[in-house]
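Student: 3D model of this:
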Amino acid sequence: MSNYTAVYEACVLYPFTIRDLLMNLAQSRLFRARWSDEIHEEWIRNLLHNRHDITPERLDRTRMLMNATVPDCLITDYEHLTEKLELPDPKDRHVLAAAIVARADVIVTYNLKDFPAAILAPYEIEAQHPDEFILCQIDLHPGLIFKWIKAHRESLKNPPKNINEYLALLQNAQLTQTASRLQEFKALL
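Tutor: Numbering: from 1, shown residues only. Here you go, the predicted structure:
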């Protein structure tokens, strides 16, 4: 397993498509995917608030499956740092604190403005949009990442997705560059 560590922020775990894809990629072991219980609580709380058709039990099951699928994913003992950190949104300090303790290389987030490069630089952490993160993984390990992306597409059963529908799904999930890059490799997916 690689030592390259990515902390998944709550906003990338909230939408099913992105969460599911990032979990598939985490199983490649080409990088270490990590998060905290507090990150879990945030995406679950927001999803329950916005989607009344989903039960807490279903999301607790998802949380347990995520934790069981990715070895050593939970970051603990970071809380002592939280209050000492400064970020534009104080509610995100727990993410940076967890990333520091995990010795993360990257925080995968849609909210790049909430994690300014100048604040992250002393900790040698970068904030990356999930589109950029996935593109970097494709560039580093194309064959293996294509295998895991194909597995993700094939896991979608309700309804199943052909390659064009899958790429449209990624496009709609703000993974426009990833969808564009994957257009070139449709035969592998």
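Student: from here on, contacts and neighbour counts on C-alpha atoms
Tutor: Fine.
Student: ok, now how distant is residue 153 from residue 140?
Tutor: Using Cα to Cα, to the nearest Å, one gets 21 Å for the distance from residue 153 to residue 140.
Student: out of the two, which sits in the more crowded spot?
Tutor: A count of neighbours by other Cα atoms under 10 Å puts residue 153 above the other of residue 153 and residue 140, at 22 against 12.
Student: let me see the contact set for that one.
Tutor: By Cα atoms under 8 Å, 6 or more residues apart in numbering, residue 153 lies in contact with 160-163, 166, 189.
Student: just flag the most distant two among the residues you listed.
Tutor: Maximum pairwise distance in these, criterion Cα to Cα, is 13.6 Å, between 160 and 189.
Student: give me the domain ranges for the protein.
Tutor: 5-133, 138-188 (automatic domain parsing).
Student: tabulate the ones you listed (a markdown table), appending mean pLDDT.
Tutor: Rendered in a markdown table, the data for the domains of the chain read as follows (pLDDT from 0 to 100):
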| stretch | mean pLDDT |
| --- | --- |
| domain 5-133 | 96 |
| domain 138-188 | 94 |
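Student: now, of these, which is deepest in the fold?
Tutor: Between the domains of the chain, the one whose residues have the most neighbours on average, counting mean count of other Cα atoms under 10 Å, is domain 5-133 (a mean of 17).
Student: send the alpha carbons of stretch 68-88 over as CSV?
Tutor: These are the backbone C-alpha positions of stretch 68-88, laid out as CSV (Å, rounded to 0.1, in the frame of the first residue of the first chain):
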residue,chain,number,x,y,z
ALA,A,68,-14.6,-2.3,7.1
THR,A,69,-13.6,-1.9,3.4
VAL,A,70,-10.7,0.4,3.9
PRO,A,71,-8.1,-0.7,6.4
ASP,A,72,-6.9,1.9,8.9
CYS,A,73,-9.2,4.5,7.5
LEU,A,74,-10.3,6.2,10.8
ILE,A,75,-8.3,9.1,12.1
THR,A,76,-8.4,9.5,15.8
ASP,A,77,-6.7,11.7,18.5
TYR,A,78,-6.8,14.9,16.4
GLU,A,79,-9.2,16.9,18.5
HIS,A,80,-6.5,18.7,20.6
LEU,A,81,-5.4,20.5,17.4
THR,A,82,-8.9,21.7,16.2
GLU,A,83,-9.2,24.8,18.3
LYS,A,84,-5.6,26.0,17.4
LEU,A,85,-6.2,26.0,13.7
GLU,A,86,-7.5,28.9,11.6
LEU,A,87,-9.6,28.4,8.5
PRO,A,88,-12.2,30.6,6.7
